[in-house]
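In: 3D, please:
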Amino acid sequence: MAVPDVLRPFVTSMVPYDVDFGAPGTHRGMPSTEVTFVLPVGEPLDTAWSDGSDHRVTWSLVSGLHTRPAAIRHNGYQRGIQLALTTAGVRALFGMPAAAWRGELLALDEVAAPGDVRHLPEKLAETDPRQTDPQQWERLVATSLIETLARRGEPAARAEVGRALALLTRGAGVQEVADEVGYSRRRVSDLVRAETGVAPKQFQRLARFDRSKRLLGRVSLAHAATACGYADQAHLTREWQEFAGCTPTTWLHEEFPFVQDLTGGGEVH
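Out: Here you go, the predicted model:
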C-alpha cells in the first residue's frame, strides 16, 4: 500500500514488517533527517541508545532527530509497522516541532493527545498477528493519521523553513540556503534549529548520511562517497562511525548478509 496522497507531505514511508531473524539479536536504529515512528505487533519494542541509556520496553516508539544509533533488541522475530515522518508531519500530526523530540526515544502516550493516534497500539493489539494481512495494519494506521490530520488541520512551519530544509536535504550549503530564502545565515540557523532541534550543518550531514545509506550495497563505497558529496571514502567511513557506530561494510553485513561485496577494494577503517 502506497502512502495516501493526503499524507505524503507528512509521511514519506509506511512499511509493515514481519521478519524472522532466525535468532535473537540487535538491530541498529539509524539517524536520519526524518522522524521514526514504530508500532510493533505481537511483542513490544525493547529499545535503548547504543550506550544502553534510556532503555525502555514499549508498544510504540517515536524518536526525534538524533546523531547516534539506537539499539533495538529482538527475540528472533519482529512484526509491526514503521513510518518515517517529515518535520512537517510531526507538526501536523502531533502539533509540535520535531525539535521537541530532539535526541529522545518516546512512547505515543508521552507525545500524542487523547483522540489522535494515541490509540493505535490498542487497535493493532486487537488484530491477530498470525492471521492478519500486514496490509490491514497499514490501512488501520493510514486511516487514523488521515482522521487526525482532518481534526487538526495542517499546522505548518513557516514556508521559508520548509524551503531551507529542502535545500539542506539536497546538499546546499548554509550560506546558499540563507541567500535563497532571503535571511541572514544566523537567522536561518535559528529557524532550522527551532524546527528540527539540530543546526543546519548537522541537518545537512544527516541528509548526506541518509543518501549514502540508500546507495550502500548497490555501488562501491568509493562511488557512494563521491555521489553523496563526501571528500573521499575515508570521510564517508568516519561519518558512518559517528552516526551509525560502525563502518558501512559492518552495517551491510548485519542488515544484508548475502549482498555482494561492493566495498571497492576493501573497507577503510
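In: what are the ranges of the helices in the protein?
Out: 87-94, 108-111, 120-125, 134-152, 159-169, 174-181, 185-196, 200-215, 221-228, 233-243, 248-255 (DSSP state H).
In: now for those, which one comes closest to residue 76?
Out: helix 248-255 (15.0 Å; C-beta to C-beta). No exception for glycine: its C-beta is placed from N, CA and C like everyone else's.
In: Which positions in that closest one come out as buried?
Out: 248, 249, 251, 252 (16 or more other C-beta atoms under 10 Å).
In: by how many degrees do that helix and helix 233-243 diverge?
Out: 50 degrees (axes from the mean of the first three to the mean of the last three C-alpha atoms, to 10 degrees).
In: Dump helix 248-255 to CSV, keeping only the CA atoms.
Out: Extracted in CSV, the C-alpha atoms of helix 248-255 (Å, rounded to 0.1, in the frame of the first residue of the first chain):
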residue,chain,number,x,y,z
PRO,A,248,29.4,0.9,6.2
THR,A,249,30.6,-2.6,5.5
THR,A,250,29.8,-3.8,9.0
TRP,A,251,26.2,-2.4,8.6
LEU,A,252,25.8,-4.1,5.2
HIS,A,253,26.9,-7.4,6.7
GLU,A,254,24.5,-7.0,9.6
GLU,A,255,21.5,-5.9,7.5
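In: and it, what does it pack onto?
Out: Contact partners of helix 248-255 among helices and strands, from 3 or more C-beta pairs under 8 Å, 6 or more residues apart in numbering; DSSP states H and E: helix 221-228, helix 233-243.
In: Could I get the phi/psi values of the closest residue to residue 92 other than its chain neighbours?
Out: Counting by C-beta to C-beta, 6 or more residues apart in numbering, residue 92 lies nearest to residue 10, which is 5.0 Å off, once chain neighbours are set aside. Backbone torsions of residue 10, given as degrees, to the nearest 10, read phi -120, psi -30.
In: quick one: contacts for residue 10?
Out: 85, 86, 88, 89, 92, 93, 145, 149 (C-beta atoms under 8 Å, 6 or more residues apart in numbering).
In: ditto for residue 117
Out: So residue 117 contacts 93, 108, 144, 145, 148 (C-beta under 8 Å, 6+ apart).
In: Nearest to residue 183, out of those: which one, please.
Out: Among the contacts of residue 117, and counting by C-beta to C-beta, the member closest to residue 183 is residue 93, at 27.2 Å.
In: Can you name the residues that contact the closest residue to the closest one other than its chain neighbours?
Out: Take residue 93 and drop its neighbours on the chain: the residue closest to it by C-beta to C-beta, 6+ apart is residue 148, 5.6 Å away. By C-beta under 8 Å, 6+ apart, residue 148 lies in contact with 93, 116, 117.
In: Many thanks, have a good one.
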